[in-house]
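> Turn this into a model:
(2 chains)
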Amino acid sequence: MPDAAQLAPVIVSVDIHVPIRAVWDEITKTGQIQRAIYNTVLECDLRPGARLRYYSLDKKRVFVVGEVLEVTPPRMFKHTYHFMMNGVEPPTTVTWELAEIAGGTRVTLTHEGFTAAHKAADKQAAGWREIVGLLKAELETGTLPLKTRLMYGMMGATMFMLPKTTKVAEVERAGF
Amino acid sequence: MRTRGPAILTIEYHVIISSHMQRRPPERNRPSRRPDDLEPVWRALANATRREILDLLSEGPLPTGELADAVPNLSRFAVMQHLRVLEEGGLVIRRKDGRRTVNHLNAAPIQLIHDRWVSRWWT
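The predicted structure follows:
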């Protein structure tokens, strides 16, 4: 059966004025809050084939499930991506590419593999734009914009409104 | 704390404190306000043809040949010069797709500009 037609990939990039190692350590840190990625917690053995999950702070919800495809510190981190907020969809692929530039690090995030079967690739683009912007703020200044902090402050109270497909039990039942 | 908005801000301040947040930084520490940070972006945007190229790419990525055809009265070489300035500004990312080069709009710098002047509160 032929592949469904691929929609345009999401590609976003920012330059961050910190060393490449600092960026790598931040995006691949596990078991700790990632303030640039909506206060989620990454759990992942960073090796090809390993399972990857982004959890909510309280570990009761899973937002992203995937499998590591490639890890080449400190330059490339590539994994499959099931966005559990959208229910069960075919996987897409996320690639973090870090490159040293004068004065810091160029971060390029590619999210590809979207087809008609996926919901809202444009929303993913907006989300990744926000994430790389927050990553820049977090690493360069250690602080996030006010509106982000307000949003994070409210997130705990609105967790119950998230789709059922993000509940840990549901994710396990779906075979992830 | 300075009250610059509605009184509800003082309530939200406590929400922030209780959610492991840091104190609000001085204004001039915002990344997009550092002096040279966006200079290549301004330079890239300060040209009508380059803005037109961004208009075209905002509809979707394009190979260089098709992009050049879509920009009237300009040689392919001239279009490639503009693409290079856009790339230096971080607004266009080039990817090889087989034998051709596809140009993608990178909207992240636009988002940073937007954040700089527009969205401080909820929107």
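> those helices in chain A, which residues are they?
A:20-28, A:121-141, A:146-158, A:168-173 (DSSP state H).
> Also chain B?
B:8-17, B:39-45, B:48-57, B:64-70, B:76-88, B:108-117.
> And the pLDDT for A:L162?
Reported pLDDT at A:L162 in the predicted model: 91.
> Next: the one 5 residues further on.
Per-residue confidence for A:K167 comes out at a pLDDT of 93.
> tell me which parts of chain A are close to chain B?
Contact residues, chain A versus chain B (C-beta under 8 Å from any C-beta of the partner chain): A:8-9, A:11-15, A:17, A:33, A:108, A:125, A:129-130, A:132-133, A:136-137, A:140-147, A:149-150, A:152-154, A:156. No exception for glycine: its C-beta is placed from N, CA and C like everyone else's.
> Buried among the residues you listed? Make that a ChimeraX selection.
The following ChimeraX line selects those of the residues of chain A next to chain B that are buried, judged by 16 or more other C-beta atoms under 10 Å in any protein chain shown:
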select /A:9,11,12,13,14,15,108,125,129,130,132,133,136,137,140,143,144,145,146,149,150,152,153
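> right, and B:R76 touches B:E66 too?
No. Proximity of B:R76 to B:E66 does not meet the contact threshold set by C-beta atoms under 8 Å, at 10.8 Å.
> Compute the first-to-last residue distance for stretch A:110-128.
End-to-end distance of stretch A:110-128 (C-alpha to C-alpha, to the nearest Å): 9 Å.
> distance between that stretch and the chain's centre?
Distance of stretch A:110-128 from its chain centroid, counting by C-alpha atoms, centre = their mean, to the nearest Å, is 12 Å.
> If you drop the residues flanking it in sequence, what lies closest to A:L69?
The shortest distance from A:L69 to any non-neighbouring residue, by C-beta to C-beta, 6 or more residues apart in numbering or on different chains, is to A:K78 (4.4 Å).
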